[in-house]
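A.B. asks: 3D model of this:
(one chain, ligands or ions: 2)
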Amino acid sequence: MNIRWLSRIGLLRLHSRRICESKCIQSFLVHSSTAKPGYLDYRTVRTEGRFNIRNSSRCATMSLRTLNAENAADLDKDLMSVGAFSLDQLMELAGLSVSQAVYRVHPPEKGKRILVAVGPGNNGGDGLVAARHLWHYGYQPTIFYPKRPKNELYQRLAEQLKTLGVPFTDDFEAALKSTDHVVDSIFGFSFSGEVREPFAAVITALENTKVPVTAVDAPSSWNIQDGPPKSGPGANFNPEFLISLTAPKPLVSHFTGRHFVGGRFLPPSVAEKYNLDIPVYKGVDQIVELPAGENVR
Ligand SMILES: NC(=O)C1=CN([C@@H]2O[C@H](COP(=O)(O)OP(=O)(O)OC[C@H]3O[C@@H](n4cnc5c(N)ncnc54)[C@H](OP(=O)(O)O)[C@@H]3O)[C@@H](O)[C@H]2O)[C@H](O)CC1
Ligand SMILES: [K+]
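C.D. replies: Residues are numbered from 1 along each chain as shown. Ligands and ions are numbered 1, 2, ... in the order given. The predicted structure follows:
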């Protein structure tokens, strides 16, 4: 190939990148002029997403509105009533998002051993679902699940993992010494107060480990509104990665690691009711990474 052709290809690439950037700006202008202030018009997002399949991370620089704990619980109820979802479905999609975030930040080449710390509520359920998907991607998950409610859904999720031969451990600290990555699915938006045992010791171990941690919906022990506790377990817990489900919670203003949003099931009508933005997901992705520093408002 001669030099003239090479320079033509270079010019073409530059030109298509400029087109893409200008589409982003165009979409943003449409958004600012026609939508309610701060509300991302869903049709605009769809258009933006289509124009920018190869460049969507650049274009996904809109900041997302946060969802407080009370509204997060109400939104869940709406999804299951007017939205007609079952909890199993929401949890499956939430857990699938978590598994994709883990794959993104910690592909199997970095080490296949994943320790999943599972709490007693739905945040824990997301972790169990994620562990199953991770197993199917070729990872070797281990489950720490010290408090298991007699709830049929959680029991089935645990049984599905046992059928795959996924091990359960009672010794979190020992398991932490032989893992490559941790999924923190202990507490989500229903956490409040100070961490009670048996989880206080687990949070302290997570604070002190050098193993990278992906937190599901919230770093466990953090107040959903105010972030890390001032003292006690969790005061120094700063996971490397966070995946917010449906929408970031206010605590993310204290989070400094890589931040993803997942839960690609939010109907525009529900997003509008809670004044939320639907992020620009790319292709079939269940997650979108938000750029540091400008990701929430
Ligand atoms: N729409 C979505 O995005 C969906 C998200 N999902 C996930 O669900 C969680 C919220 O789940 P929820 O069951 O409401 O609550 P949590 O899992 O956050 O926690 C509940 C349990 O935590 C215990 N708890 C609370 N505070 C403490 C504390 N200080 N110390 C110890 N334990 C605590 C609480 O125990 P109790 O004894 O008080 O009952 C609960 O057992 C959300 O964050 C997402 O991850 C859904 O999967 C799907 C839809
Ligand atoms: K968590």
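A.B. asks: which residues are in contact with stretch 86-94?
C.D. replies: Contact with stretch 86-94 is made by 76, 79-80, 122, 125-126, 129, 153, 157, 245, 262-265, 286, as judged by CB atoms under 8 Å, 6 or more residues apart in numbering. Placement of C-beta: from N, CA and C, glycine included.
A.B. asks: rerun that using 10 Å as the cut-off
C.D. replies: 76, 79-80, 83, 85, 122-130, 132-133, 151-154, 156-157, 185, 188, 216-217, 243, 245-246, 262-265, 286 (CB atoms under 10 Å, 6 or more residues apart in numbering).
A.B. asks: which of the residues you listed are buried?
C.D. replies: The neighbour count (16 or more other CB atoms under 10 Å) marks 76, 79, 83, 85, 122-130, 132-133, 154, 157, 185, 188, 216-217, 243, 245-246, 262-265, 286 as buried among these.
A.B. asks: circling back: contacts with ligand 2 among the contacts of stretch 86-94, please.
C.D. replies: Val216 (CB under 5 Å from the ion).
A.B. asks: coming back round to it: which ones among the buried ones among the contacts of stretch 86-94 map onto helices?
C.D. replies: Members of the buried ones among the contacts of stretch 86-94 lying in helices (criterion: DSSP state H): 76, 79, 122-130, 132-133, 154, 157.
A.B. asks: tell me, which of these make contact with ligand 1?
C.D. replies: Asp76, Leu79, Asn122, Asn123, Gly124, Gly125, Asp126 (CB under 6 Å from any ligand atom).
A.B. asks: from these, which is closest to ligand 2?
C.D. replies: Asn123 (5.1 Å; CB to the ion).
A.B. asks: who are the neighbours in contact with that closest one?
C.D. replies: 91, 94, 98, 184-191, 215-218, 220, 245.
A.B. asks: ok, and the closest non-adjacent residue to the residue in the chain that ligand 1 sits nearest to?
C.D. replies: As assessed by CB to the nearest ligand atom, ligand 1 sits closest to Gly188 within the chain, at 1.9 Å. If the residues on either side of it in the chain are set aside, Gly188 comes closest to Asn123, at 3.3 Å by CB to CB, 6 or more residues apart in numbering.
A.B. asks: Go through the one helix or strand Met91 maps to and flag the buried ones.
C.D. replies: Met91 belongs to helix 87-105 when assigned by DSSP states H and E. Under the neighbour-count criterion of 16+ other CB under 10 Å, helix 87-105 has 90-105 buried.
A.B. asks: For Pro141, what are phi and psi?
C.D. replies: Main-chain dihedrals, Pro141, degrees, to the nearest 10: phi -80, psi 150.
A.B. asks: Going forward, the N-terminal residue is numbered 35.
C.D. replies: Shifting the count to begin at 35 puts that one at Pro175.
A.B. asks: Now it: closest residue in space, sequence neighbours ignored.
C.D. replies: Ala165 (4.2 Å).
A.B. asks: Helices of the stretch 135-284 of the chain, start to end?
C.D. replies: Per DSSP state H, counting those that start in this stretch, the stretch 135-284 of the chain carries helices over the ranges 156-171, 186-197, 206-211, 233-242.
A.B. asks: May I see these organised as JSON lines, with mean pLDDT added?
C.D. replies: Below are the helices of the stretch 135-284 of the chain laid out as JSON lines (pLDDT from 0 to 100):
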{"stretch": "helix 156-171", "mean pLDDT": "99"}
{"stretch": "helix 186-197", "mean pLDDT": "98"}
{"stretch": "helix 206-211", "mean pLDDT": "98"}
{"stretch": "helix 233-242", "mean pLDDT": "98"}
